[in-house]
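Colleague: here's my sequence, what's the structure:
(one chain, ligands or ions: 3)
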Amino acid sequence: MAKNFKLIRSLLYVPGNMPSMLQNIPIFDCDGVIIDLEDAVPINEKDAARILVKSFLKIFHDRKQLIFIRINPIDSKWWYEDLKAVLPEKPDGIRLPKADTPEIVERLDTVLTEFEEELGFEIGHFKIIPSIESALGVINSIKIARSSKRVIALAFGAEDYTASMEIERTKSGEELFHARTRVVWAAKAAGIQAIDTIFADVSDMDGLRKETELIKKLGFTGKSLVNPRQIDVVHDVFAPSKEEIEYALQVVEAIERAREMGTGVVSLNGKMVDAPVVRRAVRVLKTAYSLGLIDEDIDEEVIYGEE
Ligand SMILES: CC(=O)SCCNC(=O)CCNC(=O)[C@H](O)C(C)(C)COP(=O)(O)OP(=O)(O)OC[C@H]1O[C@@H](n2cnc3c(N)ncnc32)[C@H](O)[C@@H]1OP(=O)(O)O
Ligand SMILES: O=C([O-])CC(=O)C(=O)O
Ligand SMILES: [Mg+2]
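Modeller: Ligands and ions are numbered 1, 2, ... in the order given. The predicted structure follows:
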């Protein structure tokens with residue numbers, strides 16, 4: 001599985017038929033963008049959007065964010081033309097909508113290899129983020145997560161998922177709980193990232209914060225977004241807090257002392273610290289380091305000892 005891929009906290013959708021929005025991409029501080037050829041683009045604009053996105057990518061060389069293209073679904077009449085237009089411009093990968101079965105991802109994987117061979121790109125360059133957005137997709141999520149080495153993350157799509165379930169999406173999100181949990185399980189079991197769905201009310205920043213706090217607790221490490229104003233809130237929630245970093249440093253210190261004394265368990269402020277607590281602290285510190293919140297990376301060998 002594709003481990004250690006750059007952490008994607010924020011993935012901003014940008015409609016592929018909107019030149020004014022595409023030209024803004026370089027100024028956004030998100031980890032990645034999804035240039036959309038699917039549901040944001042009306043049927044009568046599919047061809048024009050494809051050409052527009054290709055021309056945009058051609059002149060957009062200095063890319064600080066990851067660029068994913070959401071092509072049309074594999075059973076539509078547009079997906080192959082979408083790939084043909086955008087792949088020569090070397091985006092980082094494909095956001096695959098309606099990824100209901102592992103076979104759909106495998107099909108895309110094969111076609112991407114053919115394009116890489118033809119274009120002379122390294123085999124495996126193009127990554128895939130399948131969108132789990134139906135009851136069938138949720139049920140198959142573990143097989144989908146493992147369907148290709150190109151799959152670096154699983155994304156959840158609650159708008160289509162609730163449509164497939166014939167239910168309404170609410171802000172509190174009880175109706176999404178089981179599906180979200182299953183998507184996160186699948187991603188964790190496959191060792192890849194888990195990216196939550198969009199929050200559609202772009203004027204409700206408190207609602208966005210609450211939802212992001214909830215999905216972070218479930219294990220998601222990123223979120224899809226529809227508006228650039230949502231980026232800062234999501235980054236803020238995913239960043240470890242000062243208190244979390246401080247506690248994690250104390251845990252690491254405590255376990256180092258414990259190991260010197262020949263034990264693997266120690267008490268810190270009256271609470272037991274053992275191996276799983278240390279693993280969580282290491283994850284907090286690694287995230288903090290990767291986000292530039294602490295200066296020194298953590299040396300796992302010092303903490304866990306040599307094998
Ligand atoms: C269920 C799904 O499939 S979701 C994925 C598909 N949907 C999308 O891609 C939608 C993307 N988002 C949007 O189109 C818009 O943000 C909307 C419709 C949600 C809200 O629109 P508005 O209320 O007009 O946004 P807002 O007032 O915040 O726009 C401010 C500025 O940000 C720009 N902007 C807004 N959203 C985006 C975006 N996603 N990408 C790039 N630029 C954007 C606007 O063009 C505007 O720029 P300007 O000041 O240069 O004119
Ligand atoms: O990726 C997303 O969250 C948006 C989407 O397509 C959906 O919710 O159906
Ligand atoms: Mg969708």
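Colleague: what does the stretch 201-307 of the chain have sitting close to ligand 2?
Modeller: Contacts of the stretch 201-307 of the chain with ligand 2, taken as C-beta under 6 Å from any ligand atom, map to residue 224. For every residue, glycine as well, the C-beta is placed using N, CA and C.
Colleague: give me phi/psi at the residue in the stretch 201-307 of the chain positioned nearest to ligand 2?
Modeller: The stretch 201-307 of the chain approaches ligand 2 most closely through residue 224 (4.4 Å), counting by C-beta to the nearest ligand atom. In terms of degrees, to the nearest 10, the main-chain angles of residue 224 are phi -80, psi 150.
Colleague: OK, contacts around it?
Modeller: For residue 224, the contact set (C-beta atoms under 8 Å, 6 or more residues apart in numbering) comprises 11-13, 34, 155, 157, 195-198.
Colleague: just list whatever residues bridge to it.
Modeller: residue 11 (DSSP bridges).
Colleague: and the residue in the stretch 51-200 of the chain positioned nearest to ligand 1, which of the three is it?
Modeller: Residue nearest to ligand 1 within the stretch 51-200 of the chain (C-beta to the nearest ligand atom): residue 159, separated by 3.8 Å. Three-state assignment for residue 159 (DSSP: H, G, I helix; E, B strand; the rest coil): helix.
Colleague: how about the contacts made by residue 164?
Modeller: Taking C-beta under 8 Å, 6+ apart, we find residue 164 in contact with 133-136.
Colleague: most surrounded residue in the residues you listed?
Modeller: residue 133 (25 neighbours; other C-beta atoms under 10 Å).
Colleague: what's the next secondary structure element after whichever strand or helix holds residue 83?
Modeller: Element membership of residue 83 [criterion: DSSP states H and E] is helix 79-86. Downstream of helix 79-86, the next assigned helix or strand under DSSP H and E is strand 93-96.
Colleague: list the strands paired with that following strand, with their directions.
Modeller: Strand 93-96 has these strand partners (DSSP bridges): strand 66-70 (parallel), strand 127-132 (parallel).
Colleague: what's the most buried one of the ones you listed?
Modeller: Highest mean neighbour count of those: strand 127-132, a mean of 27 (counted as mean count of other C-beta atoms under 10 Å).
Colleague: for the one residue in the stretch 1-150 of the chain that gets nearest to ligand 2, what are phi and psi?
Modeller: Using C-beta to the nearest ligand atom, the closest approach of the stretch 1-150 of the chain to ligand 2 is made by residue 133 at 4.6 Å. Main-chain torsions, residue 133, degrees, to the nearest 10: phi -140, psi 30.
Colleague: before we move on, the earlier item: can I get the strands paired with strand 93-96 in TSV with distance to residue 46 and mean pLDDT?
Modeller: Formatted as TSV, the strands paired with strand 93-96 follow (distance: least, C-beta to C-beta, whole Å; pLDDT from 0 to 100):
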stretch	distance to residue 46	mean pLDDT
strand 66-70	12	98
strand 127-132	18	98
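Colleague: want to throw these into TSV with distance to ligand 1?
Modeller: Formatted as TSV, those follow (distance: least, C-beta to the nearest ligand atom, whole Å):
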stretch	distance to ligand 1
strand 66-70	8
strand 127-132	9
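Colleague: show me where the stretch 151-300 of the chain has strands.
Modeller: 153-156, 193-196, 222-225, 266-268, 271-273 (DSSP state E, counting those that start in this stretch).
Colleague: could you say which of these is packed most deeply?
Modeller: Taking mean count of other C-beta under 10 Å, strand 153-156 is the most buried of those, at a mean of 28.
Colleague: partners of that one in the sheet?
Modeller: strand 127-132 (parallel), strand 193-196 (parallel).
Colleague: please list all residues in contact with the closest residue in space to residue 145 that isn't next to it in sequence.
Modeller: In space, not counting the residues next to it along the chain, residue 145 is nearest to residue 190; the distance is 3.7 Å by C-beta to C-beta, 6 or more residues apart in numbering. Residues near residue 190 by C-beta under 8 Å, 6+ apart: 1, 142, 145-146, 151, 154.
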